[in-house]
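Engineer: how would this look folded up:
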Amino acid sequence: MIDLKGKLGILLFTVVGIALIVFGIVDAGIGSWKYKNYDRATGVVTDVDKYVDGDMIARYTRTYTYQVNGEDYEVTESSSDNTPGIGAEKEILYDPADPSSAEIAQNTSENVILVIMGIIFLVMAVVTNKKMKRQEK
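Structural biologist: Down below sits the predicted model:
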């Protein structure tokens, strides 16, 4: 007989796995939909501000400058804990109707990692369930 603790563990792994998969896919979809009409430009780090947060950890705010039709615009990336370099580049997504309205393109690998983790949790739930059923016999 499968005990209650084992059933709850399997249920927890299943729920977490499904939640990670759904969140990863939905977040990627929202990003794609939100910026589908945006154009792309290359932003270059032109300024870096360093500050120390409440946990006494050095954080950096980078200012990226990008050009649209020969005019310079800026967008800021806040609170990063890795040391930035002046001249580093990132892709910028901007509204062609208002080039000053921009976002720094996010790395989609974070969403892929969430989906992979969700799949791992689901596989663990299935494997645990099979092991518990074998022990039951």
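Engineer: which ones are touching residue 18?
Structural biologist: Residues near residue 18 by Cβ atoms under 8 Å, 6 or more residues apart in numbering: 118, 122. Quick note: C-beta positions are derived from backbone N, CA and C, even for glycine.
Engineer: what helix or strand does it sit in?
Structural biologist: helix 4-34 (DSSP states H and E).
Engineer: if I look at the closest residue to residue 92 other than its chain neighbours, how far off is residue 13?
Structural biologist: Excluding the flanking residues, the one nearest residue 92 by Cβ to Cβ, 6 or more residues apart in numbering is residue 43, at 4.1 Å. For residue 43, the distance to residue 13 equals 41 Å [Cβ to Cβ, to the nearest Å].
Engineer: which residues touch the nearest residue to residue 38 once chain neighbours are set aside?
Structural biologist: Of all residues not flanking residue 38 in the chain, residue 93 sits nearest, at 4.2 Å (Cβ to Cβ, 6+ apart). Residue 93 makes contact with 35, 38, 39, 40, 102, 103, 104, 105, according to Cβ under 8 Å, 6+ apart.
Engineer: quick check on residue 93: phi, psi?
Structural biologist: Note on residue 93: backbone dihedrals following degrees, to the nearest 10 are phi -110, psi 130.
Engineer: that one bridge partners, please.
Structural biologist: Beta-bridge partners for residue 93, by DSSP bridges, are residue 40, residue 103.
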